[in-house]
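next come a sequence and a model predicted from it.
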Amino acid sequence: MKWLEFLKNWQEVWALLMPLAIILIYRPKGKAVWLIIIYVIFALLLNSLSLFMIDFYYLMPSWTFTGSSPNNNILYNLHSFLRVILLGGFIITVRNYRYTFFLKGLLLAYLVFVILNFSVFESPLFLSTRLFAAESIVLLIMSLSYFIRSILDETEINWLKHPSFIVCSGICLYEAITFFIFLFFYPLVNKDPAFFAVTMKIYSITYVVLCILFAIAFYQYSPLKKQMPMKK
């Protein structure tokens with residue numbers, strides 16, 4: 001059925017509608033949560049435009065084409081960059097760390113890498129597996145730093161039940177899986193297209209799970225949830 005095929009192809013778009021709906025209905029508030037909200041908005045715009053370029057290629061201007069189809073690689077590269085900046089910024093800001101300068105330095109090193117990579121080694125019009133690998137490394141280190149600090153925390157806040165713990169769990173799961181997918185992206189495309197198709201399905205499912213966890217975290221951040229009366 002055509003609508004099922006449409007849902008399958010646009011999975012990266014409708015998945016983001018879940019956290020967006022929670023944002024609009026429950027108005028989440030909390031320290032640094034605005035960074036995740038901005039990420040969801042930008043991700044929805046970039047993914048929508050990227051898939052629109054592929055499905056409605058006949059509406060795209062000629063300058064967007066590389067060969068016989070529009071080139072949306074720059075959108076995926078930009079999405080990866082914003083994911084690191086916004087989600088990394090959230091992890092750094094949401095709580096205190098003993099060695100905050102290390103996480104900030106890691107984010108700064110990533111910025112330097114991006115500038116050097118696209119000014120010297122690669123074109124932004126080329127899907128950069130280096131960029132995605134760097135994204136996974138940076139966000140995994142930051143997420144693990146959050147988990148370690150939360151486990152060792154001696155304050156009254158139970159960070160293991162905090163909404164930010166759900167966000168970081170989603171980030172960690174997503175990056176741990178997609179790191180290997182994008183690391184072997186081009187070898188799989190060229191040598192084993194069938195297995196590549198399977199990895200892309202895994203990627204899509206992982207992204208949906210990430211969006212579901214963001215939606216749950218946004219609900220937990222909602223002041224409206226705290227005001228709801230408890231059932232007897």
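Yes, it's here. Numbers count the residues shown, from 1 in each chain.

grab the nearest non-local neighbour of H79.
Nearest in space to H79, with sequence neighbours left out and distances taken as C-beta to C-beta, 6 or more residues apart in numbering, is L46 at 4.7 Å. Glycine gets a C-beta too; all of them are placed from N, C-alpha and C.

swap in V33?
Nearest one to V33, counting by C-beta to C-beta, 6+ apart, is Y221 at 5.2 Å.

picking up where we left off before, please save the CA atoms from the one helix or strand the residue nearest to H79 maps to in PDB.
For L46, the element it lies in under DSSP states H and E is helix 33-55. In PDB, the C-alpha atoms belonging to helix 33-55 read as follows (Å, rounded to 0.1, in the frame of the first residue of the first chain):
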ATOM      1  CA  VAL A  33      15.800  21.600  28.000                       C
ATOM      2  CA  TRP A  34      15.400  24.400  25.400                       C
ATOM      3  CA  LEU A  35      18.500  22.900  23.700                       C
ATOM      4  CA  ILE A  36      16.700  19.600  23.000                       C
ATOM      5  CA  ILE A  37      13.600  21.500  21.900                       C
ATOM      6  CA  ILE A  38      15.700  23.500  19.300                       C
ATOM      7  CA  TYR A  39      17.300  20.200  18.200                       C
ATOM      8  CA  VAL A  40      13.900  18.600  17.600                       C
ATOM      9  CA  ILE A  41      12.700  21.700  15.500                       C
ATOM     10  CA  PHE A  42      15.900  21.800  13.400                       C
ATOM     11  CA  ALA A  43      15.900  18.000  12.900                       C
ATOM     12  CA  LEU A  44      12.300  18.100  11.700                       C
ATOM     13  CA  LEU A  45      13.100  20.800   9.200                       C
ATOM     14  CA  LEU A  46      16.300  19.200   7.900                       C
ATOM     15  CA  ASN A  47      14.800  15.700   7.600                       C
ATOM     16  CA  SER A  48      11.700  17.000   5.900                       C
ATOM     17  CA  LEU A  49      13.700  19.000   3.400                       C
ATOM     18  CA  SER A  50      16.100  16.100   2.800                       C
ATOM     19  CA  LEU A  51      13.300  13.600   2.100                       C
ATOM     20  CA  PHE A  52      11.300  16.100   0.100                       C
ATOM     21  CA  MET A  53      14.300  16.500  -2.200                       C
ATOM     22  CA  ILE A  54      14.400  12.800  -2.900                       C
ATOM     23  CA  ASP A  55      10.600  12.100  -3.200                       C
END
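
tell me what it is packed against?
On a contact count with 3 or more C-beta pairs under 8 Å, 6 or more residues apart in numbering; DSSP states H and E, helix 33-55 meets helix 11-26, strand 69-70, helix 73-93, helix 193-221.

do that again at 7 Å, thanks
helix 11-26, helix 73-93, helix 193-221 (3 or more C-beta pairs under 7 Å, 6 or more residues apart in numbering; DSSP states H and E).

buried set for the first one?
Counting neighbours by 16 or more other C-beta atoms under 10 Å, one finds that the buried residues in helix 11-26 are Q11, E12, V13, A15, L16, M18, P19, L20, I22, I23, Y26.

excluding its backbone neighbours, what's nearest the second one?
The shortest distance from E12 to any non-neighbouring residue, by C-beta to C-beta, 6+ apart, is to N47 (4.4 Å).

ok, now which ones touch the one you found?
Listed by C-beta atoms under 7 Å, 6 or more residues apart in numbering, the contact partners of N47 are E12, V13, L16.
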